[in-house]
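Engineer: any chance you could fold what I've pasted below:
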Amino acid sequence: MTAATATTAGALDTANALVEEHLHLVNHVVNQLSARFPRHVDRDELRGAGAAGLVDAAHRYDPSTGVPFARYASIRIRGAVLDATRSRDWATRRLRRDLRTIESTQSLLEEKLQRRPDDAEIADEMGVDEDAVRARRAAAVTSTLLTLDRPIREDESGSGVLGDRILEQDQAWLPEAALENNELVGTLRTAIAHLPELPRRVLVEHHFEGRLLRDIADDLGVTEARASQLRHEALHALQAYFGTAYDNVPQVPVDAPGKRRRAAYVAQVSANTTWRTRLQGEVDAVRTFA
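Structural biologist: Have a look, this model is predicted:
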C-alpha cells in the first residue's frame, strides 16, 4: 500500500466514523424543520436528504478550522433538507399559506372535538366553501408529483411556470386559464380514481386526510414499510400518467419497480378519459376516492 493510498483509506475511515457517531443529528434537524412543512411532505425523504448531507459534511470537514463537527454537520444537513424540499415543492406561496391554514384549523378542531374533523367542518371554521378545502388538498397531492418551477411555454411572447396556474382562485381568471386549472385538478382526481384500491387508499388517507403511514398500515394490517411502498407505487403511477398529459413532468426513476403495472395503468386511464371527463373530475368531490 502506498502512502497516498493509506492516507485516502484513513480519511475514509475517519469520515465513516464521523457519520456513525453523528447520525442522530439527522433526526434532530429533520424534527426541527418538520413543523415548517405540510403533512404531505414525506419525513423519510427528508431524513434521506439529511443523511446525504451528513455524509457530505463528513468528507468535507476540516478540523483545522476549529469549528466543531456537530455544528458544521448540522448546517450541512439543514441545507440538504431544505434543498430537497425546494426541488420538489412547486406549490405557490398562496397555496402553501392556504395549506398551513387548513392544517392549523384541523389541529384546533381535533383538540376541540376530540376527533378528526371532516372537510365540511374545517371549511365552516375557516369561513370558506368546502370545495375550496378539497381543491387545495388536491393541489397538495399534485405538488408531490410535479416540479412546477420549471418553465413551460404559455404563448409565443413569453413563458411561465405551471405552478402559477394552480388554485389562485381569488384572481380574476381568464376563461382559458380557468379551464386549464379545472382540467389539471380534474386530471389528478380522475387519475387517482383509477388507481388500484390499496395504493389509492394509502395515497388519499396520507395526503388528503393527513394520516400517518403507521396508522394507515395498522388499519390495513400491513407493515409501515409496505404502506410506504404502496404510497410510492401510487405516486409513481400518477407521475407516469401526468408525464403523458403535461410537459416538463419529471420521469419516474428508471429503477422504480412496477414498470409493467404503471404502463397498464397509464393505458387504462388514457383509454377511459377525455378532457370532458377530466373537467367533470374537477367538479366531483375528493371523497369519491375514499
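Engineer: could I get the buried residue list for whichever strand or helix holds residue 26?
Structural biologist: Here residue 26, judged by DSSP states H and E, is contained in helix 24-34. Using 16 or more other C-beta atoms under 10 Å as the test for burial, helix 24-34 gives 25, 26, 29, 30, 33. Quick note: C-beta positions are derived from backbone N, CA and C, even for glycine.
Engineer: so where's the stretch 1-150 of the chain uncertain?
Structural biologist: Along the stretch 1-150 of the chain, the model assigns pLDDT under 70 to residues 1-11, 35-42, 85-96, 137-150.
Engineer: what's the angle between the helix or strand following the helix holding residue 26 and helix 24-34?
Structural biologist: Downstream of helix 24-34, the first helix or strand assigned by DSSP H and E is helix 43-60. Counting by axes from the mean of the first three to the mean of the last three C-alpha atoms, to 10 degrees, helix 43-60 lies at 130 degrees to helix 24-34.
Engineer: what packs against helix 43-60?
Structural biologist: helix 3-21, helix 24-34, helix 69-88 (3 or more C-beta pairs under 8 Å, 6 or more residues apart in numbering; DSSP states H and E).
Engineer: hmm, who's touching the helix holding residue 26?
Structural biologist: 41, 43, 46-47, 50-51, 53-54, 70, 73-74, 77-78, 81-82 (C-beta atoms under 8 Å, 6 or more residues apart in numbering).
Engineer: whichever of those residues end up buried, select them in ChimeraX.
Structural biologist: In ChimeraX, a selection of the buried entries from the contacts of helix 24-34 looks like this (16+ other C-beta under 10 Å):
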select :41,43,46,47,50,51,53,54,73,74,77,78,81,82
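Engineer: which single one of the contacts of helix 24-34 is nearest to residue 187?
Structural biologist: Closest to residue 187 out of those is residue 41 (22.3 Å), distances taken as C-beta to C-beta.
Engineer: from the contacts of helix 24-34, which is closest to residue 269?
Structural biologist: residue 41 (25.8 Å).
Engineer: before we move on, back to that, make CSV from the buried residues of helix 24-34 and add distance to residue 14 to it.
Structural biologist: Shown next, in CSV, are the buried residues of helix 24-34 (distance: C-beta to C-beta, whole Å):
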residue, distance to residue 14
25, 17
26, 19
29, 22
30, 25
33, 28
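Engineer: picking up where we left off before, farthest pair within the contacts of helix 24-34?
Structural biologist: Across the contacts of helix 24-34 (C-beta to C-beta), the longest gap, 25.2 Å, separates 41 and 70.
Engineer: quick one: list the elements packing against whatever helix or strand residue 236 lives in.
Structural biologist: Using DSSP H and E, residue 236 sits within helix 224-245. Helix 224-245 sits against helix 175-193, helix 197-203, helix 213-220, helix 259-272, with contacts defined as 3+ C-beta pairs under 8 Å, 6+ apart.
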